[in-house]
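Colleague: Got a predicted structure here, sequence first:
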Amino acid sequence: MDNNFEYYYNNVPGDGLCRNNLIYTSLISKDKKTFCQWYFNDTDYHKGKNVVDPNIMDEKWEREVSFLTRMQNEQPQHVPKIKDIDHTNRKIYLEIDGPDFWERAGCLTENYDNVLPSWREQMLEIIKAHKSLGIYKYSMHPSSYFIIDGKLKSINYFFCYTDNDLMINIKSLLSHISDDRQRDLFLKMHYMGIDIDEPTPFTKIQMLAFESFKTNFPEDFMEEAKKIYA
């Protein structure tokens, strides 16, 4: 690891320092101006809970590069500036301005308005941009956003699909969904009539994602987000 970078964690109340992402290793420059998505199974960072299937890592790296660069080219106002993509070491360097949105809020939903009063409007605009490009994005955790010059910027495009992809089932995704979210997810899948083993339309999985992230965002906000894909 570059000496100018260090591991990046979220300090979650009640849990302490938690890894910022389940797929890649999160790094941040010591001056807090650059975030690095390192698609490498760093055991020290992931404490043995990282995704170890190399095929999954390869796929997620390819999707990250593909969708993030597409956003940079077509909707640059909604993503951080890409400083560099190191294909050899599978590292993406993004220009940021301090910790992510969730961390700035102390990892508490009730602090979102204090951190960025217009976060709702801005996040809905990002979701609308994804819909306009035909992108289904399932990584919606509040740590998937940074605030740069007062503007919300979206990251984590490894969990994206389009209608050109073959349908997937939920079981194929479980290795990179946290245990806590899985427990809540299974209840919602039952309610929505989603079979874990059956290929599921991407729109339906998007709706499931909105339902799942009601644990991190106000319910009324997630209902507004669902209308975009309805």
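Modeller: Okay, I see it.

Colleague: least trustworthy helix or strand in this structure by mean pLDDT?
Modeller: The weakest-scoring helix or strand in the chain, judged by mean pLDDT, DSSP states H and E, is helix 179-192 (a mean of 83).

Colleague: Residues touching it, excluding its own?
Modeller: Residues outside helix 179-192 that contact it (C-beta atoms under 8 Å, 6 or more residues apart in numbering): Ile170, Leu174, Ile177, Asp195, Ile196, Lys204, Met207, Leu208, Glu211, Ser212, Thr215. The C-beta positions use only the backbone N, C-alpha and C, and glycine is treated the same way.

Colleague: how about the CA coordinates for that helix, as PDB?
Modeller: Output of helix 179-192 as PDB, limited to C-alpha atoms (Å, rounded to 0.1, in the frame of the first residue of the first chain):
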ATOM      1  CA  ASP A 179     -25.400 -10.400   7.300                       C
ATOM      2  CA  ASP A 180     -27.500  -7.800   9.000                       C
ATOM      3  CA  ARG A 181     -28.900  -6.600   5.600                       C
ATOM      4  CA  GLN A 182     -29.500 -10.200   4.500                       C
ATOM      5  CA  ARG A 183     -31.800 -10.900   7.500                       C
ATOM      6  CA  ASP A 184     -33.900  -7.900   6.600                       C
ATOM      7  CA  LEU A 185     -33.700  -8.700   2.900                       C
ATOM      8  CA  PHE A 186     -35.200 -12.200   3.300                       C
ATOM      9  CA  LEU A 187     -38.300 -10.800   5.000                       C
ATOM     10  CA  LYS A 188     -38.800  -8.200   2.300                       C
ATOM     11  CA  MET A 189     -38.200 -10.900  -0.400                       C
ATOM     12  CA  HIS A 190     -41.000 -13.000   1.100                       C
ATOM     13  CA  TYR A 191     -43.300 -10.100   1.100                       C
ATOM     14  CA  MET A 192     -42.500  -9.200  -2.500                       C
END
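
Colleague: chain center to that helix, what's the gap?
Modeller: For helix 179-192, the separation from the chain centroid amounts to 18 Å (computed by C-alpha atoms, centre = their mean, to the nearest Å).

Colleague: do the same with stretch 212-225
Modeller: 15 Å.

Colleague: How about Lys83, nearest residue that isn't a chain neighbour?
Modeller: Leaving aside its sequence neighbours, Lys83 sits nearest to Tyr93 (C-beta to C-beta, 6 or more residues apart in numbering; 4.2 Å).

Colleague: so after the helix or strand hosting that neighbour, what's the next helix or strand?
Modeller: Tyr93 belongs to strand 91-95 when assigned by DSSP states H and E. Counting by DSSP H and E, the element after strand 91-95 in chain order, helix or strand, is helix 101-104.

Colleague: Tell me the helices and strands packed up against that following helix.
Modeller: When contacts are defined as 3 or more C-beta pairs under 8 Å, 6 or more residues apart in numbering; DSSP states H and E, helix 101-104 sits against strand 9-12, helix 112-115, strand 145-148.
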